[in-house]
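Q: after the sequence you'll find the predicted model.
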Amino acid sequence: MKDSEILERIRKGDESALDYLYKKNYKMMTKLVINNNGSEDEAKDVYQEALIVFWQKVTSGNLMLSSKISTFLYSICQNLWRKELERKSRMSNEEKDAEEEMDFDRQERIEVINRCIGQLGETCRRILTYYYFDNLSMHDIADVLGFANADTAKTKKYKCKKELDELIKSKYKASDFMD
Amino acid sequence: MNQEYQHSEIIEAYLRNTLSVEQKVDFEELVRQDPLLYNEFVLQQDIVSGLQSHRKEQLKSRLNQVDVSSPAQLGGVGAVGVWLAGATLAGLLGWFAYTGFHDTKNASPKISMVQAVPEQAEASAPELARDANTEEAAGNTSEKVKAPKARKKNSIPRKAKTSKAVKTTVAAGEAAQILPGSDVPETPTEKMDSDVALQKPPVASYNGKTEAQNRLNVVDNTNNRLKLHYYYQNGRIALLGFERGYTFLNVPAENTTYLFYEDNFYKLNLNQFRPAPIKDVMVTDAAVIESLRKLVENRN
């Protein structure tokens, strides 16, 4: 399959094209990390991260690719692995404690949000993640989810977001009284 | 309520980076001055961040399900699909060979393909591997193959010591068959003496009419003036000025041997007894090229 076809399919949110790309370049990309002091798990993580960055760029229409996809992926992997090595280096330089400091309230809130996302219906979850992560247009969301048109998708997205907001706020208020 | 809606709209626009520079500055100023708006903004930021993390995990989980050990196929076509495609292609080629090239008196509806690599110095006795059932299915019982040995299909040809040796036969129809073709021991080209080379043991043939074609294959690179020439001598093909990597495609039903070299096909003339450039016999018919190309690809 040609790069142009892969890009077109990803742009429309076709996840099977992502599977294809993942499989096709797996050995080359993971080798990059493994040959540079990385473990197999780290190599896999880096490659998956790189592929997701690539996915997000393509679906959101923010990518003008002037090279082969594999070349582009390779450079993302290189950057991610370089950053990871730098992070590891900092961690070993007694900055570990400072790195791990977290805002407890915020962490708790993120957990509440994640639980609420999990409580949404499948369709709502998909609409919201396609919109906020993939940056798919309402037209593409309608196509992927089989809605009549972009307006239907927009209305559904509004209702789903409202449902999520209310769910989270209700949990918040309840938890405020827990103590 | 209306103000709350307006706030959620502008917060979303800010988080999705769709505001102009001026609008951004105005919004940030507003957030600084209004603690309630600030709280709402931070909450919305976390919600969007949560949705993004959720989607990321979902994609990662999907990728973790992908089997990376087998070759990539789009649309979920797995090994079975590949096998079916190969079987279909072999069937089509068989039909093509039977209906297109079939000579009712003499020919067998089989196509053999042999790739020869001229650097194989180790000798091996020519062998013929065949499947008796296939022979019967072809309905060609009157012309039996005079093979020195018979083996079951899918058996491994000898000459395993040579790393470059590739020898594949595609049977037209149901089953694969390993045929001798260029299975003649070959001598390193720089030491080749054509007279000596021509006295190699004859190669078994499964069809009397194509025996000459199956007697291979002399490569002579000693004459620099004769590049990419060929001729038949004593029923054997001699190639002049070739590098490694040529492949012979025997089509018995058509009583023809094709040469595949550097991405071109050449239809060798059995009556060519003097060296002639192969470019004179280059195949240009697109349909023939296509079917031969499929035959070459099918060997893999």
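A: Looks like it arrived, so ask away. Since this is a predicted model, take the numbers as computed values, not measurements.

Q: low-confidence stretches in chain A?
A: A:93-103, A:173-179 (pLDDT under 70).

Q: can you pull out the helices in it?
A: Ranges of helices within chain A are A:3-11, A:15-34, A:40-59, A:69-90, A:96-100, A:104-119, A:122-132, A:138-145, A:150-176, based on DSSP state H.

Q: can these go into JSON lines with extra columns for distance to chain B and mean neighbour count?
A: For glycine as for every other residue, the C-beta is placed from the backbone atoms N, C-alpha and C. Compiled in JSON lines, the helices of chain A are given as follows (distance: least, CB to the nearest CB, whole Å; neighbours: other CB atoms under 10 Å in any protein chain shown):
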{"stretch": "helix A:3-11", "distance to chain B": "8", "mean neighbour count": "17"}
{"stretch": "helix A:15-34", "distance to chain B": "4", "mean neighbour count": "19"}
{"stretch": "helix A:40-59", "distance to chain B": "5", "mean neighbour count": "20"}
{"stretch": "helix A:69-90", "distance to chain B": "12", "mean neighbour count": "15"}
{"stretch": "helix A:96-100", "distance to chain B": "18", "mean neighbour count": "9"}
{"stretch": "helix A:104-119", "distance to chain B": "4", "mean neighbour count": "15"}
{"stretch": "helix A:122-132", "distance to chain B": "4", "mean neighbour count": "20"}
{"stretch": "helix A:138-145", "distance to chain B": "13", "mean neighbour count": "18"}
{"stretch": "helix A:150-176", "distance to chain B": "7", "mean neighbour count": "15"}
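
Q: nearest to residue B:248, of the ones you listed?
A: helix A:15-34 (33.2 Å; CB to CB).

Q: kindly reformat the helices of chain A as a markdown table containing distance to residue B:238.
A: Supplementary listing: these in a markdown table, determined by distance: least, CB to CB, whole Å:
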| stretch | distance to residue B:238 |
| --- | --- |
| helix A:3-11 | 45 |
| helix A:15-34 | 43 |
| helix A:40-59 | 52 |
| helix A:69-90 | 44 |
| helix A:96-100 | 74 |
| helix A:104-119 | 74 |
| helix A:122-132 | 66 |
| helix A:138-145 | 62 |
| helix A:150-176 | 70 |
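
Q: closest one to residue B:53 among the ones you listed?
A: Evaluated over those, closeness to residue B:53 peaks at helix A:104-119, with 7.4 Å, by CB to CB.

Q: now the angle between helix A:150-176 and the closest one, please.
A: Angle, helix A:104-119 to helix A:150-176, by axes from the mean of the first three to the mean of the last three CA atoms, to 10 degrees: 130 degrees.

Q: what comes into contact with helix A:104-119?
A: By CB atoms under 8 Å, 6 or more residues apart in numbering or on different chains, the residues outside helix A:104-119 that reach it are A:125, A:128, A:164, A:167-168, A:171-172, A:175, B:43, B:46-47, B:49-51, B:53-54.

Q: repeat for stretch A:125-144
A: A:11-13, A:55-56, A:59-62, A:117, A:120, A:145, A:147-154, A:156-157, A:160-161, A:164, B:16, B:48, B:51-52, B:54-56, B:58.

Q: rerun that using 6 Å as the cut-off
A: Residues outside stretch A:125-144 that contact it (CB atoms under 6 Å, 6 or more residues apart in numbering or on different chains) are A:13, A:59-60, A:149-150, A:153-154, A:156-157, A:160, B:48, B:51-52, B:55.

Q: just give the closest residue to residue 15, not the sequence neighbours.
A: Because you didn't say which chain, this covers chain A. residue B:62 (6.3 Å; CB to CB, 6 or more residues apart in numbering or on different chains).

Q: actually, chain B is the one I wanted.
A: Counting by CB to CB, 6+ apart, residue B:48 is the residue found nearest to residue B:15 once chain neighbours are left out, at 5.3 Å.

Q: pLDDT averaged over the host helix or strand of that neighbour, what's the number?
A: Assigned by DSSP states H and E, residue B:48 falls within helix B:35-64. In this model, helix B:35-64 carries a mean pLDDT of 91.

Q: helices or strands up against that helix?
A: Here helix B:35-64 touches helix A:40-59, helix A:104-119, helix A:122-132, helix B:2-15, helix B:21-33, going by 3 or more CB pairs under 6 Å, 6 or more residues apart in numbering or on different chains; DSSP states H and E.

Q: could you dump those to JSON lines with distance to residue B:289?
A: Formatted as JSON lines, the helices and strands packed on helix B:35-64 follow (distance: least, CB to CB, whole Å):
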{"stretch": "helix A:40-59", "distance to residue B:289": "37"}
{"stretch": "helix A:104-119", "distance to residue B:289": "57"}
{"stretch": "helix A:122-132", "distance to residue B:289": "46"}
{"stretch": "helix B:2-15", "distance to residue B:289": "57"}
{"stretch": "helix B:21-33", "distance to residue B:289": "60"}
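
Q: which one of these lies nearest to residue B:296?
A: Closest to residue B:296 of these is helix A:40-59 (CB to CB; 34.1 Å).

Q: run through who's touching the closest one.
A: For helix A:40-59, the surrounding residues in contact (CB under 6 Å, 6+ apart) are A:7, A:10-11, A:18, A:22, A:29-30, A:33-34, A:63, A:73, A:76-77, A:80-81, A:134-136, B:56, B:59-60, B:63.

Q: what's the offset of it from the middle of its chain?
A: 9 Å (CA atoms, centre = their mean, to the nearest Å).

Q: now do it against helix A:69-90, angle only.
A: Orientation of helix A:40-59 against helix A:69-90 (the same axes, to 10 degrees) gives an angle of 130 degrees.

Q: dump helix A:40-59 to CSV, restricted to CA.
A: The C-alpha coordinates for helix A:40-59 follow below in CSV (Å, rounded to 0.1, in the frame of the first residue of the first chain):
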residue,chain,number,x,y,z
GLU,A,40,12.4,-4.2,24.1
ASP,A,41,9.5,-2.8,26.2
GLU,A,42,10.9,0.7,26.0
ALA,A,43,11.3,0.3,22.3
LYS,A,44,7.7,-0.8,21.9
ASP,A,45,6.5,2.1,24.1
VAL,A,46,8.5,4.7,22.1
TYR,A,47,7.3,3.3,18.8
GLN,A,48,3.7,3.3,19.9
GLU,A,49,4.0,6.8,21.2
ALA,A,50,5.5,7.9,17.9
LEU,A,51,2.8,6.2,15.9
ILE,A,52,0.1,7.9,18.0
VAL,A,53,1.8,11.3,17.5
PHE,A,54,1.8,10.6,13.8
TRP,A,55,-1.8,9.5,13.9
GLN,A,56,-2.9,12.6,15.7
LYS,A,57,-1.0,14.9,13.3
VAL,A,58,-2.6,13.2,10.3
THR,A,59,-6.2,13.1,11.6
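
Q: kindly calculate the angle that that helix makes with helix A:15-34.
A: Using the same axes, to 10 degrees: helix A:40-59 against helix A:15-34 is 140 degrees.

Q: tell me the angle of helix A:40-59 relative to helix A:138-145?
A: Between helix A:40-59 and helix A:138-145, the angle comes out at 120 degrees (the same axes, to 10 degrees).

Q: quick one on the thing from earlier: how close does the residue nearest to residue A:15 sit to residue B:272?
A: 59 Å (CB to CB, to the nearest Å).
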